[in-house]
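Q: How does the following fold in three dimensions:
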Amino acid sequence: MKRSYYILLFMLMPTVLFYSCKKDIGQTTLTSPSGINGFTTTASQVVLTNSNDSNQVVTFKWNAPDYGYSAAVTYTLLFDVPSDTSGTNAWANATKVTVATNSLQKAYLGTDFNHLLNQMGLPLGSASTLVVRLKADVNQSTGTASTVNPLYSTITMTVTPYKVILVFPKLYVAGDFLTPNWTQIDQGGWILAAPKSDGSYEGYINFPNTDNKFKLCTQTSWNGTNYGWGTSATTISGAGSAGNLYFGGPGYCKVNADVNALTISYTPTKWVVSGDFNSWSVTATPMTFNATTNQWTASNVSMTAGSGYKFVGDPNWNTNFGVDSKGNLAYGAGNIIVPKTGTYTVTLDLSGGAGNYTYSLK
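A: Down below sits the predicted model:
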């Protein structure tokens with residue numbers, strides 16, 4: 001009886017092995033698609049204004065790539081300018097937006113799309129070419145990265161953003177040299193801002209008189225904390241009994257106030273345009289300050305395409321503005337590149353407080 005049992009088991013083994021192998025052969029295999037099909041935009045040209053802030057102005061859509069099974073795909077939209085989409089550092093400075101897993105579209109309201117374009121530093125009020133790249137990544141079921149290479153698809157469109165004032169914590173200037181005097185107003189030239197919300201405020205103030213008295217206020221009234229004279233000209237106090245701050249002008253100053261350290265400093269500046277066009281002189285192209293607009297301008301400045309320039313606030317270059325990787329003004333940053341040969345009016349606007357410094361070339 002035992003011998004018959006072993007003979008039967010031996011006869012059944014090939015059948016068991018066959019079905020076992022058949023089951024393995026039938027397992028799903030991950031495939032790599034050739035690309036992403038159907039990547040489109042609902043609008044090839046988008047002109048943004050505050051009137052379409054609440055409207056859906058553009059939607060990006062695409063088809064799901066076929067990986068041979070129901071894969072969890074992560075999509076990323078990369079926004080960049082044409083000049084940054086080729087070469088060894090292609091797309092390195094792109095603004096990246098991650099889309100929800102397996103979602104096949106991304107829609108933007110006007111306010112959100114305009115904010116994105118402002119962050120990129122695109123020219124305001126004029127049309128620019130925007131390159132949008134869609135990237136698809138598939139992960140393993142464990143959540144770890146797959147060996148399948150990412151997929152890409154790219155489209156171009158034309159966009160016209162408008163200026164957005166980024167809102168940061170502010171201190172409002174109230175003083176005897178402003179009109180109306182001793183009144184807090186939320187407008188350019190009257191504010192310091194703290195872009196990092198860390199109690200460190202900065203702004204540029206025009207002190208027109210030889211004797212300028214003022215306070216820095218947390219509200220557009222006298223109901224908040226009003227910082228005045230501390231124990232010296234470089235300190236401040238939020239006590240109700242604090243005297244007025246004082247600066248002996250006239251002068252256009254960068255003012256830094258730290259409400260945690262209770263310190264204040266003044267850096268007088270007088271701005272010039274310095275660049276390839278004038279051999280980087282700090283005297284040849286002075287700017288003129290307009291006390292009404294709170295802007296600095298230099299007219300009839302001839303520059304050639306591809307050349308560079310900066311804004312310089314003192315002869316020793318201690319205070320100077322270039323542009324960062326997003327095209328925003330930043331201290332000591334790279335040269336501002338002239339887009340095309342021409343004669344320009346160059347404008348520098350430092351009235352909005354730190355985080356809202358702007359310039360224009362027209």
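Q: Poorly predicted segments of the stretch 51-200 of the chain, please.
A: For the stretch 51-200 of the chain, the stretches flagged by pLDDT under 70 are 140-146, 165.
Q: Then the stretch 201-350 of the chain?
A: Short version for the stretch 201-350 of the chain, where the test is pLDDT under 70: 326.
Q: Need the nearest residue in space to Ser265, chain neighbours excluded.
A: Asn256 (4.9 Å; CB to CB, 6 or more residues apart in numbering). (Glycine included, C-beta is placed from N, CA and C.)
Q: cool, and Val346?
A: Ala298 is the one closest to Val346 (CB to CB, 6+ apart), at 4.7 Å.
Q: what about that neighbour, distance to Leu124?
A: 20 Å (CB to CB, to the nearest Å).
Q: Can you give me the neighbour number for Lys61?
A: By other CB atoms under 10 Å, 14 other residues sit near Lys61.
Q: returning to what we had before: which stretch of helix or strand covers the residue nearest to Ser265?
A: Using DSSP states H and E, Asn256 sits within strand 251-258.
Q: what are the C-alpha coordinates of that strand, in CSV please?
A: Extracted in CSV, the C-alpha atoms of strand 251-258 (Å, rounded to 0.1, in the frame of the first residue of the first chain):
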residue,chain,number,x,y,z
GLY,A,251,18.8,111.3,2.8
TYR,A,252,17.2,108.2,1.1
CYS,A,253,17.9,105.4,3.5
LYS,A,254,17.6,101.7,3.8
VAL,A,255,16.1,101.2,7.2
ASN,A,256,16.4,97.9,9.1
ALA,A,257,14.4,97.5,12.3
ASP,A,258,14.4,94.3,14.4
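Q: ok, residues contacting it?
A: 171, 192, 199-207, 216, 227, 236, 247, 263-271, 289, 313, 319 (CB atoms under 8 Å, 6 or more residues apart in numbering).
Q: do stretch 100-110 as well
A: By CB under 8 Å, 6+ apart, stretch 100-110 touches 48-49, 52-64, 72-75, 77, 97, 99, 116.
Q: From the chain's centroid, how far away is that stretch?
A: Put simply, stretch 100-110 sits 21 Å off its chain's centre (CA atoms, centre = their mean, to the nearest Å).
Q: Can you check the distance spanned by that stretch, start to finish?
A: 20 Å (CA to CA, to the nearest Å).
Q: Please apply the same query to stretch 182-199.
A: End-to-end distance of stretch 182-199 (CA to CA): 23 Å.
Q: What are the buried residues along it?
A: Neighbour-count burial for stretch 182-199, counted by 16 or more other CB atoms under 10 Å, picks out Thr183, Gln184, Gly188, Gly189, Trp190, Ile191, Leu192, Ala193, Ala194.
Q: Out of those, which sit inside helices?
A: Per DSSP state H, helices hold no members of the buried residues of stretch 182-199.
Q: which among those residues gets closest to Thr283?
A: Gly189 (26.0 Å; CB to CB).
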